[in-house]
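>>> can you look at this prediction? I've put the sequence above it.
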Amino acid sequence: MMNISEKAAYIKGLMEGMKFNTETDEGKLIKNIVDLLEDLALSVQDLEDETASLSDYVEEIDEGLAEVEDEVFSEPCDDYDCDCDDYDCCCDECDDEDGENQDD
């Protein structure tokens, strides 16, 4: 299947292959219409390319935003509820492991 640029080029080729007389009023009109079709086809192709590029970029942004949303709005980790900060220490003066003075 031909895209729009190929169709415009095909029509221009038909016109040139028919040895179309571009000196008559009708010939000038048709030649200008074919040239316009070719320009429009190129513009449409450029727009399609730019749209595809922007679509890819938006998809990347959406994926990045989803990662940020997961990090910011996710449920807190269960590890936050445990007392992971517990640690043993030893008192230098009395060698008590939890640092409490047993004389008190």
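Sure thing, it's come through.
>>> go through the chain and flag its longest helix.
For the chain, the helix with the greatest residue count under DSSP state H is helix 25-73.
>>> what packs against that helix?
helix 4-17 (3 or more C-beta pairs under 8 Å, 6 or more residues apart in numbering; DSSP states H and E). Bear in mind the C-beta positions are built from the backbone N, C-alpha and C, glycine included.
>>> pull the distance from the helix it packs on to the chain's centre.
Centre-to-centre, helix 4-17 and its host chain are 34 Å apart (C-alpha atoms, centre = their mean, to the nearest Å).
>>> got the CA positions of it in CSV?
Provided in CSV are the C-alpha atoms of helix 4-17 (Å, rounded to 0.1, in the frame of the first residue of the first chain):
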residue,chain,number,x,y,z
ILE,A,4,0.5,9.7,0.8
SER,A,5,3.9,10.9,-0.5
GLU,A,6,4.2,7.9,-2.8
LYS,A,7,0.7,8.6,-4.2
ALA,A,8,1.5,12.2,-4.9
ALA,A,9,4.7,11.2,-6.6
TYR,A,10,2.8,8.6,-8.7
ILE,A,11,0.3,11.3,-9.8
LYS,A,12,3.2,13.6,-10.7
GLY,A,13,4.8,10.7,-12.7
LEU,A,14,1.5,10.1,-14.5
MET,A,15,1.3,13.7,-15.5
GLU,A,16,4.9,13.8,-16.7
GLY,A,17,4.5,10.4,-18.5
